[in-house]
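> no FASTA, just this:
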């Protein structure tokens, strides 16, 4: 099966997500690395950062609370399953 070709921007985004996601891994005996969860965690971090950046740029936007952030994280976690 042929893999779709990705743009340089997409590859850069995936590399950043992999870098961030791998830092979340608990490095302890008995815990195995899950690369798919690492990538999804990294993408969640990037999306939360983007949501916060957009919120800070536009102060008159609606209230941004912890539930909105958790919803973003949960979405990526569900995609990893």
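Ah, there it is. Owing to the predicted nature of the structure, the values given are computational and were not obtained by experimental measurement.
> what residues of the longest helix anywhere in the chain count as buried?
Longest helix of the chain, by residue count under DSSP state H: helix 35-57. Using 16 or more other CB atoms under 10 Å as the test for burial, helix 35-57 gives 37, 38, 39, 40, 41, 42, 43, 44, 45, 46, 47, 48. In short, each C-beta sits where N, CA and C put it, glycine included.
> please name the nearest non-neighbouring residue to residue 37.
residue 80 (5.0 Å; CB to CB, 6 or more residues apart in numbering).
> I'd say that neighbour and residue 36 touch.
Yes. The pair residue 80 and residue 36 qualifies as a contact (CB atoms under 8 Å) at a distance of 5.5 Å.
> anything in contact with each of those two?
Counting by CB atoms under 8 Å, 6 or more residues apart in numbering, residue 80 and residue 36 have no common neighbour.
> that older thread, now flag whichever of the buried residues of helix 35-57 is closest to residue 30.
Closest to residue 30 out of those is residue 37 (16.0 Å), distances taken as CB to CB.
> just to revisit the earlier point, helices and strands around the longest helix of the chain, which ones?
Judged by 3 or more CB pairs under 8 Å, 6 or more residues apart in numbering; DSSP states H and E, helix 35-57 is in contact with helix 8-22, helix 66-80.
> so for it, mean pLDDT?
Mean per-residue pLDDT for helix 35-57: 91.
> could you check how far that helix is from the centre of its chain?
Here helix 35-57 shows a centroid-to-chain-centroid distance of 4 Å under the convention CA atoms, centre = their mean, to the nearest Å.
> with distance to residue 23 added, can I get the buried residues of helix 35-57 in a markdown table?
A markdown table is the format used below for those (distance: CB to CB, whole Å):
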| residue | distance to residue 23 |
| --- | --- |
| 37 | 13 |
| 38 | 9 |
| 39 | 12 |
| 40 | 14 |
| 41 | 9 |
| 42 | 8 |
| 43 | 14 |
| 44 | 13 |
| 45 | 9 |
| 46 | 13 |
| 47 | 16 |
| 48 | 15 |
